[in-house]
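1. Generate a structure from the sequence data that follows.
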Amino acid sequence: MDVMAAIDGRMSVRGFSGKPVAREKIERVLNAAVMAPSASNQQPWHFIAVTGAPLERLAGTLLDACRERGKHYDPSRGKSIPPLYMERTKGLLKGMRPYLDSMNVKAVPFLEEGSCRFYGAPVLIVVAMDRAHPSSKLVDIGCAVENLALAAHAEGLGTCIIALVLMFEHLIREHLAIADEMQVVLTVALGYPDSGVPVNAFRATKEALRNVTRWVGFE
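-> Residues are numbered from 1 along each chain as shown. The predicted model follows:
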């Protein structure tokens, strides 16, 4: 698949089929991830691929923890995120609402509980990084995860990059025996999209290039 076609076609999947993913496909996707650029070629990423009963147990534990928490995640609660960016999140929820209405579900519970069970994906990729690295290395992690998502799309798979479950990082760490020196950075749900899930027809809008770019010396 042409790289620009992959960039244009990739989207977040929030409903996966039960079809298993062959290990060979997962390896191709992860091989694309490890080909990402990184500062000084330090390659700070570490991947944990999870499936089957271990994934079911982890998802069940996270879902229970989410329900027991008793309050919804609100990224604006700390008032540290500028309104411009919060408006984009509000736009995401507004655009998604008609699809969720057709599923007879509310946006916030669907996104929270869906994230905790990884939207039923048969494979989870946990992305970790040694705590010794500075925060600038998170850029390298982002490059690797983008490669992963594009490669998955080229393989006919779908992904959803999920950070919400980091609220329960200690549970992920316990279930997967992740060493103390490793920081859990992101999780990625991976599998075949279920075309019968209405919300999978939703695509988030992106800001126009003119709104996020300043040109210098091109006049």
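
2. Next, the closest residue to S38 other than its chain neighbours: secondary structure please.
-> With sequence-adjacent residues excluded and distances taken as C-beta to C-beta, 6 or more residues apart in numbering, S38 is closest to D140, at 3.9 Å. C-beta coordinates here come from the backbone N, C-alpha and C atoms, glycine included. Here D140 takes the helix state, with states given by DSSP: H, G, I helix; E, B strand; the rest coil.

3. Now for D140, how many residues are close by?
-> For D140, the count of nearby residues is 21 (other C-beta atoms under 10 Å).

4. same question, V127
-> 21.

5. give the contact list for it.
-> Contacts for V127 were tallied using C-beta atoms under 8 Å, 6 or more residues apart in numbering; they are 45-47, 141, 144-145, 184-188.

6. Excluding covalently adjacent residues, which one is nearest to G15?
-> Leaving aside its chain neighbours, G15 sits nearest to V197 (2.8 Å; criterion: C-beta to C-beta, 6+ apart).

7. Can you give me the neighbour number for the one you found?
-> V197 has 17 nearby residues by other C-beta under 10 Å.

8. Could you tell me whether M129 really is in a helix?
-> No - looking at M129 with three-state DSSP, it is strand, so not inside a helix.

9. Could I get the phi/psi values of the spatially most central residue of the chain?
-> In the chain, the centroid-proximal residue (C-alpha atoms, centre = their mean) is I161; its distance is 0.6 Å. Phi and psi for I161, reported as degrees, to the nearest 10, are phi -90, psi 120.

10. check contacts around it.
-> 12, 145, 149, 186-188.

11. who wins for neighbours among those?
-> Greatest neighbour count in the contacts of I161, by other C-beta under 10 Å, goes to T187: 27 neighbours.
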